[in-house]
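Chemist: For reference, the sequence and a predicted model appear below.
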Amino acid sequence: MNVLPAMVGIKRISGNREGVAGAIATIFILLIVISFINLYLVGYVPVYMKSQEYSHMQELYGQFSSLQIQSYNLESGKWHYPLTTTLVLGTQGAAPFASPTQGQLSFSPSAFSMSISYPLGLPLAMPTCQHDFYENFTGTSSNKVGIHATFSPDKNNSFYSVQGSGPANSENPIYYVPQNSSVCYIINSSWVQSDDFDVFVGGNGGPVLNNFTLMVFLYGNNDIIDFTGQGSNQTIWYVSYGAYNQVFDGNNPCGFQFNGKNDKGYIQDYGAHDTAPFGWPQFQTVEQYDTVSGSLAAQVSNRYYTPQSVIYQGGGIILAQGGQSYFLNGPEIKAVNSSSSGASVTLNLVSLIGQNFSAAGNGPVSLSTSYFSNNSVVVGQYRGLNRINVLDLTIRSDYALAWASYLQHSLSSLQNVTEDPGIAFVGNGCIDMSGGGGPAPNPPPPGGGPSPPGGGSGGMHYVTWGAYSLTVSNNTVELTLFNIAFLSLEVGTLQTSVY
């Protein structure tokens, strides 16, 4: 076998050492380039892009803050011409070999809603009285009067009264009323100071009253009144006119003691420093209702920084990420509580209306907002109107937990009664638990402030001024404010569009 040609070919190849060195150098250069690119893609690009995405989110926060400021200027009526806000949806200046981060802006008038309702005057329609009883006192400012009135069931199902005897300047009348009836009891002591009235609804050594409604109207100054009820399904309405009347005494801070089931007590105080002319009062519940709606959301699909959404709802800015959400800058919701002047609540909200729209990409989007309407309401005893007994606020939002947390923080000066699930109503100083029974709560400390722990699960619980109940279920927040002396509510509505 002739192998010489093959040997000669091998010798020629191995002899070309410059070619081999060049090939090896090229391989090493390629490895270095690949390592550099890999280091660039794995090390530099994520760090750079994370910084870019972070910077973009900070920029977006600032742009939403500008929108918030512009919205408040518009809704307050300071500006009456359209304003434009530029929102950048994605990152600018992406690194080589990296694509810019994309974002999406969407507006929906129905994605968020807040309804606010509150009655002026008594919270429920007054029942019709089947019979009236009157007590009229006259005398000097130093002539103190005491009354211990008892409403007792009559076996003949008729209405009549017996004027009982008592010490000087006191009376012990007995009013006989049928079971399942309703009575109006008018006490006029406008010219007598510092009187003490005790009203017994059933009991007081006699039989109990069931399914009975008593409406007491007190005209006087610096008077004290309290109620004791024995029987089931009793409803007590107490309406005070005059000045500086007290609805509790030293023994029972709420002035209500019930022992039956389904008993309720309602208090409406028209007193404070206001006076009302004597005469039969006419009551009509006036329901005020306002709505806030519209949600503007920018969703940024960050790949290196945390994916986040910035949302503008109700006049506040929400940040959402990883299933959590909180307010970056909330709407103006605040409460101030004072033992002398009462609870003051301010709500300054913004509603957005317009057509649904959405835009995607990484460039700027121009958003136009213009003034549409403004509803401003001021209610309070120092403005000649009634205080707010109950204000209900319902929020429906995908970010309900953010709203609940913000509301709880904003209302921290009020008393949280969410832990009392049986709450039915708060009047001037008391919370009706609608359960009846249980010992009375501890009296309030001197100078006002929340009552110390005490009392059973039923009966009346004491609240000096202002309380709230807050619950969250799914995407709904239910807030109820009780016994508010002064309310400032402003809802501005803006027209929104994108171009």
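Modeler: All right, it came through fine.

Chemist: Which parts of the stretch 1-150 of the chain are strands?
Modeler: Secondary structure of the stretch 1-150 of the chain (DSSP state E, counting those that start in this stretch): strands located at 83-88, 103-120, 131-136, 146-153.

Chemist: Save the ones you listed as a markdown table, and put in distance to Gln415, mean pLDDT and mean neighbour count too.
Modeler: C-beta: built from backbone N, CA, C; applies to glycine. Converted to a markdown table, these look like this (distance: least, C-beta to C-beta, whole Å; pLDDT from 0 to 100; neighbours: other C-beta atoms under 10 Å):
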| stretch | distance to Gln415 | mean pLDDT | mean neighbour count |
| --- | --- | --- | --- |
| strand 83-88 | 40 | 91 | 16 |
| strand 103-120 | 19 | 87 | 19 |
| strand 131-136 | 35 | 84 | 15 |
| strand 146-153 | 32 | 87 | 20 |
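
Chemist: lowest confidence element among the helices and strands of this protein?
Modeler: strand 425-426 (a mean of 39; mean pLDDT, DSSP states H and E).

Chemist: what residue ranges in the stretch 151-300 of the chain score low on pLDDT?
Modeler: The model of the stretch 151-300 of the chain has pLDDT under 70 over residues 165-169, 190-195, 204, 241-289.

Chemist: what's the closest of the strands of the stretch 1-150 of the chain to Val42?
Modeler: Closest to Val42 of the strands of the stretch 1-150 of the chain is strand 103-120 (C-beta to C-beta; 25.1 Å).

Chemist: How about the contacts made by Val350?
Modeler: Counting by C-beta atoms under 8 Å, 6 or more residues apart in numbering, Val350 touches Ser71, Tyr72, Glu75, Val292, Gly314, Gly315, Pro331, Val491, Gly492, Thr493, Leu494.

Chemist: And it, how far from Gln163?
Modeler: Val350 sits 61 Å away from Gln163, going by C-beta to C-beta, to the nearest Å.

Chemist: Kindly report the same for Pro307.
Modeler: According to C-beta to C-beta, Pro307 and Gln163 sit 79 Å apart.

Chemist: Comparing the two, which shows the higher neighbour count?
Modeler: More crowded of Pro307 and Gln163, by other C-beta atoms under 10 Å: Pro307, with 14 against 11.

Chemist: which ones are touching the nearest residue to Glu135 once chain neighbours are set aside?
Modeler: Residue nearest to Glu135 in three dimensions, not counting chain neighbours: Ile187, with 4.7 Å by C-beta to C-beta, 6 or more residues apart in numbering. Going by C-beta under 8 Å, 6+ apart, Ile187 touches Tyr134, Glu135, Phe137, Ile147, Phe197, Val216, Phe217, Leu218, Tyr219, Gly220, Ile225.

Chemist: Would you mind giving the strands of the stretch 1-150 of the chain as CSV with distance to Ala335 added?
Modeler: Formatted as CSV, those follow (distance: least, C-beta to C-beta, whole Å):
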stretch, distance to Ala335
strand 83-88, 30
strand 103-120, 15
strand 131-136, 39
strand 146-153, 38
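
Chemist: Relative to Val208, which of these is closest?
Modeler: strand 146-153 (7.5 Å).

Chemist: ok, and what's touching the next helix or strand after the closest one?
Modeler: Downstream of strand 146-153, the next assigned helix or strand under DSSP states H and E is strand 160-162. Contact with strand 160-162 is made by Phe133, Asp154, Pro173, Ile174, Tyr175, Tyr176, as judged by C-beta under 8 Å, 6+ apart.

Chemist: Can you report phi and psi for the fourth one?
Modeler: Recorded main-chain torsions at Ile174 are phi -120, psi 130, according to degrees, to the nearest 10.

Chemist: Could you count how many residues lie near it?
Modeler: Look at Ile174: counted by other C-beta under 10 Å, it has 17 neighbours.

Chemist: wait, isn't Ser370 in contact with Leu494?
Modeler: Yes - Ser370 lies in contact with Leu494 (C-beta atoms under 8 Å); the separation is 6.6 Å.
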